[in-house]
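Participant: turn this into a model:
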Amino acid sequence: MASKAWKGSLETVAKRNGAVDFAYLQSFAAGDQSIVDHILVLFRGQAEGWLEHFATSPGEWREVVHTIKGTSRGVGAMALGDACERAERDGDGALGPVIKELAAAIADIAAYQEGER
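Facilitator: Okay, the predicted model is just below:
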C-alpha cells in the first residue's frame, strides 16, 4: 500500500478520532515526516493483518496481542496498548476492546494519511 505524504498540521491531527497520538510519533521520529509516514504505512499494514487474524483464528490471539501491545505504544496508540494489556491479564473475554481499539487506530491512521478531518 502506498502512502500519500501527510500535508496537515498538528491542529488538523487534533480533529481526528484520537486513537493515535501523532504528535508523540512525530517527536519520537525527531520531526522527520518521512520516518513517520513509513512507520504508519508499516503499522497500518500489520494492523489490517491482525484484524484478519482475529477474524480467522480467534483462538490464537495471545502472542498477537502481546505484539500489538508493544507496537501500538511505539506509534502512539496508547489506548490500544492498554486494551492489549488488559486482554493479556483478563483473558478471552477482553479481546473485543482490542479489536475495537485496533480498528479505531487503523481509521485514525487512514485519516491522517489522507489528510482528512
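Participant: for the chain, which element, helix or strand, carries the lowest mean pLDDT?
Facilitator: Within the chain, no helix or strand scores below helix 10-13, which has a mean of 40 by mean pLDDT, DSSP states H and E.
Participant: which helices and strands does the next helix or strand after that helix pack with?
Facilitator: Along the chain past helix 10-13, the next helix or strand (assigned with DSSP states H and E) turns out to be helix 22-28. Here helix 22-28 touches helix 10-13, helix 33-56, going by 3 or more CB pairs under 8 Å, 6 or more residues apart in numbering; DSSP states H and E. C-beta coordinates here come from the backbone N, C-alpha and C atoms, glycine included.
Participant: looking at the residue nearest the centre of the chain now. What's its pLDDT?
Facilitator: What sits nearest the mean C-alpha location of the chain, by CA atoms, centre = their mean, is residue 105, with 4.0 Å. Residue 105 is assigned a pLDDT of 95 by the prediction.
Participant: so where does it fall, helix or strand?
Facilitator: helix 95-114.
Participant: next, the angle from that helix to helix 33-56.
Facilitator: Counting by axes from the mean of the first three to the mean of the last three CA atoms, to 10 degrees, helix 95-114 lies at 150 degrees to helix 33-56.
Participant: ok, residue 103 touching residue 50?
Facilitator: No: if you go by CB atoms under 8 Å, residue 103 and residue 50 don't touch, sitting 10.2 Å apart.
Participant: of those two, give the one with the bigger neighbour count.
Facilitator: For residue 103 versus residue 50, the count of surrounding residues by other CB atoms under 10 Å is larger for residue 50: 21 against 15.
Participant: residues in contact with the more buried one?
Facilitator: By CB atoms under 8 Å, 6 or more residues apart in numbering, the contact set of residue 50 is 64, 68, 102.
Participant: pull the number of nearby residues for residue 93.
Facilitator: Residue 93 has 8 nearby residues by other CB under 10 Å.
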